[in-house]
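Enquirer: Below: sequence and its predicted model.
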Amino acid sequence: MGKDSRLILDPLADNNPITIQVLGICSALAITAELEASIVMSISVLFVLGIGNVVISLMRNIIPSKIRIIVQLIVVATLVIIVDLVLKAFAYELSKTLSVFVGLIITNCIIMGRFEAFALGNSPWRSFLDGIGNALGYGVILIIVGFFRELLGSGTLLGIPVLGDPIEKTGLYAFGYENNGFMLLSPMALIVVGIIIWVQRSRNKALIED
Amino acid sequence: MEQRTDKNSYTIIFAIGMVLIVGALLAFLASSLKPIITENERLEKQQNILYAMGVNANEGTSATFVSTDEAPKLFDQYIKKQIEVQGGKVVENDQAYLIDVKKQQANAKNGGVRKLPLFVGEKDGKTFYIAPIRGKGLWDAIWAYVALDENMVVQGAYFDHKGETPGLGANIKQRFFMDDFIGEHLLSNGAFKGINVAKGNADPKNNDKTDNEVDAIAGATITGDGVTAMIKKDLKLYLPYFETLKGN
């Protein structure tokens, strides 16, 4: 297996940005109450991190080290604002769905983290792969958390009721099952992420730190 | 040897250059795209108003507007009159839907007169009075278009928000929430009471339309309270106008 493919595959599991590097937790808490929002956020981050990593990598030799964090912030904020403006003009409906995520993308620590840790020291192509890999790793966790939170919290998936109607008491609800409203609150996202971390580390002992 | 990029002079020049380039780029993009964005927003307002009075393309459980191509034509067809209520005066203004509610609210705060736009629509022989209202949710602005009849009974509503939490507060623009308002009374025994977005509501199926209550969304308490406050504050301003309707 080549070195390049590891850039994509590693962040999916053994070097996952959320469960191993513990980055991007804030947005993982904020928007995973619904599966759809998780998917939209994953795609947005995939886009921004892929392009942002390449831009930073191209600029890596001219960025003054003293203000590199500010430069990174400007790059990511500019990218996000450009995307937002273009969508508002040419895909208005989509832009309304995404507007909530704009702020969350700019402040996503994974983006800053990958700029700082990888793109500043690697070639554009490798940075691109690293960006895609980390965004996918982030997306996988987001989608798993979103799946469980929406299913157990609202009894729906992508807005479609899958467990019956809680008010009319059909399907599972006829047997006394209730939606767990607690799943919709942010702390449950942390607990689900915690369970994923637990499962992952119990299957791969090498990941356990002292 | 000190690297070129570590020098203070280099850092300052780089920072200035970067700010200039990024600033110019964003300003250029924003101003060149502005006409298209304004037009999109205008059409959206028409779609929202039409949606509130029941002219929409709803299918199943999702809220769908009429298409942007059709919106201007349908808007002219269904909206018979647009008026502006200023204090006791009522002025006709066929551009009233372009009045910025946010600016009017700021106006009122600074002691000025707030213009209250109201759109009178007609569909299947029924008259709708559609009022735009605006308030605060958890993170940012929320707003709505509420269609009322002469007795201030809600006939339809469209809610929207700028940045409420997806899956929680953002659900105010879902049909299951908006449709709950249909048939609810704003008045109680002749006095304005508003509609309470209530938790622990004894009527989750919303069969009782005169209780001035709809069921809240779990996990979205602050957004729900924002909706309650927005209705109470902004729709109340229209009460004098509706009272003149009854007099006639």
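Expert: Now that the structure is in, tell me what you want to look at.
Enquirer: can you pull the buried residues of stretch B:175-191?
Expert: Buried residues in stretch B:175-191, counted by 16 or more other C-beta atoms under 10 Å in any protein chain shown: B:177-182, B:184-187. Every C-beta, even on glycine, is put in place using the N, C-alpha and C of the backbone.
Enquirer: would you list these in a markdown table and tack on secondary structure?
Expert: Output for those, formatted as a markdown table (DSSP: H, G, I helix; E, B strand; the rest coil):
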| residue | secondary structure |
| --- | --- |
| B:Phe177 | helix |
| B:Met178 | helix |
| B:Asp179 | helix |
| B:Asp180 | helix |
| B:Phe181 | helix |
| B:Ile182 | coil |
| B:Glu184 | coil |
| B:His185 | strand |
| B:Leu186 | coil |
| B:Leu187 | strand |
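Enquirer: Among those residues, which ones lie close to chain A?
Expert: The overlap between the buried residues of stretch B:175-191 and the neighbours of chain A (C-beta under 8 Å from any C-beta of the partner chain) is empty.
Enquirer: out of those residues, who's nearest chain A?
Expert: Nearest to chain A among those is B:Asp180, at 11.6 Å by C-beta to the nearest C-beta.
Enquirer: which non-adjacent residue is nearest that closest one?
Expert: B:Val214 (4.2 Å; C-beta to C-beta, 6 or more residues apart in numbering or on different chains).
Enquirer: before we move on, back to that, A:Gly159: which of the buried residues of stretch B:175-191 is nearest?
Expert: Nearest to A:Gly159, judged by C-beta to C-beta, of the buried residues of stretch B:175-191 is B:Phe177 at 12.7 Å.
Enquirer: My read is that the closest one contacts B:Asp160, right?
Expert: No - the pair B:Phe177 / B:Asp160 is not scored as a contact, 11.6 Å apart, by C-beta atoms under 8 Å.
Enquirer: residues contacting the nearest residue to A:Pro64 once chain neighbours are set aside?
Expert: Spatial nearest neighbour of A:Pro64, chain neighbours left out: B:Thr11 (4.1 Å); criterion: C-beta to C-beta, 6+ apart. B:Thr11 makes contact with A:64, A:66-67, B:5 under the criterion C-beta atoms under 8 Å, 6 or more residues apart in numbering or on different chains.
Enquirer: which residues are common contacts for B:Phe177 and B:Asp160?
Expert: Counting by C-beta under 8 Å, 6+ apart, no residue touches both B:Phe177 and B:Asp160.
Enquirer: Mind giving me the packing neighbours of the longest helix along chain A?
Expert: Ranked by number of residues, the top helix in chain A under DSSP state H is helix A:124-154. For helix A:124-154, the elements it packs on are helix A:3-9, helix A:25-30, helix A:35-58, helix A:109-117, strand A:156-157, helix A:186-203, judged by 3 or more C-beta pairs under 8 Å, 6 or more residues apart in numbering or on different chains; DSSP states H and E.
Enquirer: Could you tell me the angle between the longest one and helix A:109-117?
Expert: For helix A:35-58 against helix A:109-117, the angle between stretch directions is 20 degrees (axes from the mean of the first three to the mean of the last three C-alpha atoms, to 10 degrees).
Enquirer: How about helix A:35-58 and chain B, touching?
Expert: Yes - judged by C-beta under 8 Å from any C-beta, helix A:35-58 and chain B are in contact via A:36-37, A:40.
Enquirer: Local confidence estimate at residue 143?
Expert: Using chain A here. On the pLDDT scale, A:Ile143 is placed at 91.
Enquirer: That was the other one, I meant chain B.
Expert: Here, the pLDDT recorded for B:Trp143 equals 93.
Enquirer: Kindly report the same for B:Ile182.
Expert: pLDDT, B:Ile182: 90.
Enquirer: can I assume A:Arg60 is in contact with A:Ala119?
Expert: Yes - if you go by C-beta under 8 Å, A:Arg60 and A:Ala119 touch, sitting 6.7 Å apart.
Enquirer: max-length strand in chain B?
Expert: The single longest strand within chain B, with elements called by DSSP state E, is strand B:126-136.
Enquirer: quick one, phi psi at the residue of chain B found nearest chain A?
Expert: Closest residue of chain B to chain A, C-beta to the nearest C-beta: B:Gly167 (3.0 Å). Per-residue torsions, B:Gly167: phi 90, psi -20 (degrees, to the nearest 10).
Enquirer: before we move on, what about B:Lys89?
Expert: Backbone geometry at B:Lys89, expressed as degrees, to the nearest 10, gives phi -80, psi 150.
Enquirer: who touches it in this structure?
Expert: B:Lys89 touches nothing, counting by C-beta under 8 Å, 6+ apart.
Enquirer: And the pLDDT for it?
Expert: 81.
Enquirer: do the one 10 residues further on as well
Expert: In this model, B:Ile99 is scored at 85, pLDDT.
Enquirer: Specify the next element, helix or strand, located C-terminal of the longest helix seen in chain B.
Expert: Ranked by residue count and defined by DSSP H, the top helix of chain B is helix B:8-52. Downstream of helix B:8-52, the first helix or strand assigned by DSSP states H and E is helix B:71-78.
Enquirer: what angle sits between that following helix and strand B:126-136?
Expert: Interaxial angle, helix B:71-78 versus strand B:126-136 (the same axes, to 10 degrees): 130 degrees.
Enquirer: Check which residues of the helix or strand that helix B:71-78 is followed by are buried.
Expert: Counting by DSSP H and E, the next helix or strand C-terminal to helix B:71-78 is strand B:79-86. Neighbour-count burial for strand B:79-86 flags B:79, B:82-85 (criterion: 16+ other C-beta under 10 Å).
Enquirer: Please apply the same query to stretch B:158-173.
Expert: Residues of stretch B:158-173 classed as buried under the neighbour-count rule (16+ other C-beta under 10 Å) are B:158-161, B:163-173.
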